[in-house]
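Asker: Have a look at this fold, sequence not included:
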């Protein structure tokens with residue numbers, strides 16, 4: 001079940017929702033699902049992905065005979081590339097939201113970069129990241145999808161498109177919980193089925209909507225994107 005935010009922002013128009021969490025927590029599936037549910041309820045919304053390019057670099061590394069992205073670019077090189085690419089993605093996302101006046105349902109946000117930096121042991125990079133990311137306003141609602149690292153590992157292996165070590169998943173889980181922004185997150189238990197998780201998310205988002213626009217989360221379609 002979701003843990004309620006300490007401060008409810010009632011009366012404000014919902015402009016952006018960010019779904020964050022470790023790889024395998026279901027961010028992509030749930031972000032797509034939430035955008036679809038909002039549109040079905042008459043609330044214009046766009047799914048927007050703020051990726052940092054780590055998966056792409058990982059695929060490139062394997063093609064070049066390297067084990068992973070960090071072996072290809074080095075830890076510092078990877079963190080720099082990831083920070084820059086995610087910054088550009090978030091800037092594009094927020095600009096598009098302003099221009100279209102649609103709710104931005106964001107798959108990842110700046111907090112994902114801070115957690116990635118901590119999980120990779122590059123804490124000195126966090127100061128740089130926070131300096132350049134501070135131009136972005138916090139989302140109206142940030143949903144932290146939490147999942148047991150062992151379950152996340154199982155999901156990642158079952159989709160067969162990428163790989164993460166258990167050590168990294170455990171470190172990333174701890175990193176999210178250690179962020180100073182953690183108390184402002186709505187924590188959603190993502191260990192359940194996609195429908196169960198969508199219901200919890202829908203209940204949290206409904207707090208922001210007028211009663212006439214509140215609708216139950218629609219079931220995850222069979223062709224839903226793989227969880228990330």
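Answerer: Great, that's in hand. Small disclaimer: the values here were computed from a predicted structure and weren't measured. Residues are numbered from 1 along each chain as shown.

Asker: model confidence over the strand or helix carrying residue 105, on average?
Answerer: Assigning secondary structure by DSSP states H and E places residue 105 in strand 103-107. Per-residue pLDDT over strand 103-107 has a mean of 95.

Asker: what's in contact with that strand?
Answerer: Strand 103-107 has contacts (Cβ atoms under 8 Å, 6 or more residues apart in numbering) with 14-19, 27-28, 31-32, 34-35, 38, 43-51, 90, 93-94, 96-97, 139, 228. In short, each C-beta sits where N, CA and C put it, glycine included.

Asker: Which of those fall within strands?
Answerer: If you go by DSSP state E, the contacts of strand 103-107 have 16, 17, 18, 19, 45, 46, 47, 48, 49 in strands.

Asker: Write down the beta-bridge partners of the third one, one by one.
Answerer: So the one you mean is residue 18. residue 106, residue 142 (DSSP bridges).

Asker: so who does it touch?
Answerer: Contacts for residue 18 (Cβ under 8 Å, 6+ apart) come out as 106, 108, 109, 111, 139, 141, 142, 143.

Asker: ok, now with 7 Å
Answerer: 106, 109, 139, 142, 143 (Cβ atoms under 7 Å, 6 or more residues apart in numbering).

Asker: Rank the helices and strands of the protein by mean pLDDT and give me the bottom one.
Answerer: Sorting the helices and strands of the chain by mean pLDDT, DSSP states H and E puts helix 69-73 at the bottom, at a mean of 50.

Asker: now the contacts of residue 18 as a markdown table including neighbour count and distance to residue 176?
Answerer: Output for the contacts of residue 18, formatted as a markdown table (neighbours: other Cβ atoms under 10 Å; distance: Cβ to Cβ, whole Å):
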| residue | neighbour count | distance to residue 176 |
| --- | --- | --- |
| 106 | 28 | 16 |
| 109 | 25 | 12 |
| 139 | 22 | 15 |
| 142 | 22 | 11 |
| 143 | 27 | 12 |
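
Asker: what's the model's confidence in the helix or strand harbouring residue 116, averaged?
Answerer: Using DSSP H and E, residue 116 falls within helix 110-119. For helix 110-119, mean pLDDT is 93.

Asker: And for stretch 145-161?
Answerer: 91.

Asker: what's the offset of that stretch from the middle of its chain?
Answerer: With Cα atoms, centre = their mean, to the nearest Å as the basis, stretch 145-161 stands 15 Å off its chain's centre.

Asker: Buried residues of that stretch, list them for me.
Answerer: By 16 or more other Cβ atoms under 10 Å, the buried positions in stretch 145-161 come out as 145, 146, 147, 148, 149, 152, 153, 155, 156.

Asker: between the strand holding residue 105 and helix 110-119, how big is the angle?
Answerer: Between strand 103-107 and helix 110-119, the angle comes out at 20 degrees (axes from the mean of the first three to the mean of the last three Cα atoms, to 10 degrees).

Asker: on that earlier part again, now, among the ones in strands among the contacts of strand 103-107, which is nearest to residue 117?
Answerer: residue 18 (17.2 Å; Cβ to Cβ).

Asker: secondary structure class for the residue lying closest to residue 21 once chain neighbours are set aside?
Answerer: Nearest residue to residue 21 in three dimensions, chain neighbours excluded: residue 145, at 3.7 Å (Cβ to Cβ, 6 or more residues apart in numbering). Per DSSP: H, G, I helix; E, B strand; the rest coil, the local secondary structure of residue 145 is strand.
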